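> Just a sequence and a predicted model for now, questions to come.
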Amino acid sequence: MESITRSRLSSIAETKRPGRDLAAHVCLCRLSGLEVCHRASNTRYYTLSWRRSTNHFVQIISCIDNAPSLDISYLERIMRLLVRRTIFSIDHPSDGGEPLYGLTHSSRWLVNNSDDEHTNLNALCLTETHAYLVGSGNFLSQSVKEGGMAFEKAFGKRSVWELASQDNRFNKLFNDGMAFTSRILIREMVFGYKYRFDCLRSLVDVGGGIGGMISEIVKSYPHIKGINFDLPHVITTTPVYEGVSHIAGDMFHQIPNVDAVLLKWVLHDWDDEACVKILKNV
């Protein structure tokens, strides 16, 4: 009875702490184990530590890199919480073997889908929960009391882009996360504004990151000369896209002269004075 009571109390505790939900999601994204498993085996079920004789099952822990002292009991608790949140399904075999975890509609957004390569939320999840983006919240009260920017108090820099220019790992993560936001918008944008794109000869995506959005536009409308315009530390990481030129620069100084300018989620980052300065360069 005591063990049952403890189990129930543990279950209740897990369902009453939303902070744990976020932590569990982030943990799973950082481990990247399920993505590796999903790509390698296209499997339906995952076990934690024991591999069945059939290739329909695969170990999660075998797919997690750089884990010399992996604690499976922690992973088990994380998976149990994510099952309660319907991020994963669970099946208990009749032979008493290990629980079998499967993907649900929600967790399919955490892996690359063979039918749709644009649905992996991992990079966006890790970007939005990175210490650089959430850490300044701890300094808001100090900012109110003393004035000044909470972000600068937290990290000694005035913007996340300044940090990204000095941290290659975060720069890649941030660019990948922003590329996902572009991919989920681009299809509706390409087809919804067809009559607008037809009349353009050239288009620049200001703050276009690694060029995902402008490349999709040019792919659909190859008559357009596409320019991806961003800061130098971003442009150095961009892949090659047919019909797209990558240009490094600063939108506060000059923006390439083209038929139309695309500003996606740019102006909201700046005050009115800065926005006016950007728009005057268009």
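Ah, there it is. Please read these numbers as outputs of a predicted model, since none were measured by experiment.
> how about the helices in the stretch 51-200 of the chain?
Taking DSSP state H, counting those that start in this stretch, the helices of the stretch 51-200 of the chain run over residues 72-84, 122-128, 131-134, 140-146, 150-155, 160-164, 168-192, 194-198.
> Export these to TSV and append columns for mean pLDDT.
Rendered in TSV, the data for the helices of the stretch 51-200 of the chain read as follows (pLDDT from 0 to 100):
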stretch	mean pLDDT
helix 72-84	83
helix 122-128	82
helix 131-134	86
helix 140-146	92
helix 150-155	90
helix 160-164	88
helix 168-192	82
helix 194-198	80
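> The ones you listed into CSV, with extra columns for mean neighbour count and distance to Asp269?
Bear in mind the C-beta positions are built from the backbone N, C-alpha and C, glycine included. Formatted as CSV, the helices of the stretch 51-200 of the chain follow (neighbours: other CB atoms under 10 Å; distance: least, CB to CB, whole Å):
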stretch, mean neighbour count, distance to Asp269
helix 72-84, 16, 33
helix 122-128, 19, 14
helix 131-134, 14, 12
helix 140-146, 11, 17
helix 150-155, 18, 11
helix 160-164, 18, 9
helix 168-192, 16, 12
helix 194-198, 12, 25
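> Output these as a markdown table; include the columns distance to Ile210.
As requested, the helices of the stretch 51-200 of the chain are arranged in a markdown table below (distance: least, CB to CB, whole Å):
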| stretch | distance to Ile210 |
| --- | --- |
| helix 72-84 | 30 |
| helix 122-128 | 11 |
| helix 131-134 | 18 |
| helix 140-146 | 31 |
| helix 150-155 | 23 |
| helix 160-164 | 12 |
| helix 168-192 | 5 |
| helix 194-198 | 21 |
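> so what's the nearest residue to Asn171 once chain neighbours are set aside up against?
Spatially, and ignoring its direct neighbours in sequence, Asn171 is nearest to Ala164 (4.3 Å; CB to CB, 6 or more residues apart in numbering). Contacts were defined as CB atoms under 8 Å, 6 or more residues apart in numbering; by that measure Ala164 touches Phe170, Asn171, Phe174, His233, Val234.
> Identify the residues contacting Trp253.
No Trp there; residue 253 is His. Asn281.
> Check the offset of stretch 239-246 from the chain's centre.
22 Å (CA atoms, centre = their mean, to the nearest Å).
> the domain parsing of this protein - what is it?
The record's domain split for the chain, according to automatic domain parsing, is 2-110, 122-280.
> picking that back up, can you convert the contacts of Ala164 into a markdown table and add a column each for distance to Pro222?
As requested, the contacts of Ala164 are exported to a markdown table (distance: CB to CB, whole Å):
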| residue | distance to Pro222 |
| --- | --- |
| Phe170 | 34 |
| Asn171 | 30 |
| Phe174 | 29 |
| His233 | 29 |
| Val234 | 24 |
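> which of the residues you listed sit farthest apart?
Phe170 and Val234 (12.0 Å; CB to CB).
> picking that back up, with Val26 as the reference, name the closest of the helices of the stretch 51-200 of the chain.
Put simply, out of these the one that sits nearest Val26 is helix 122-128, at 6.7 Å, with distance taken as CB to CB.
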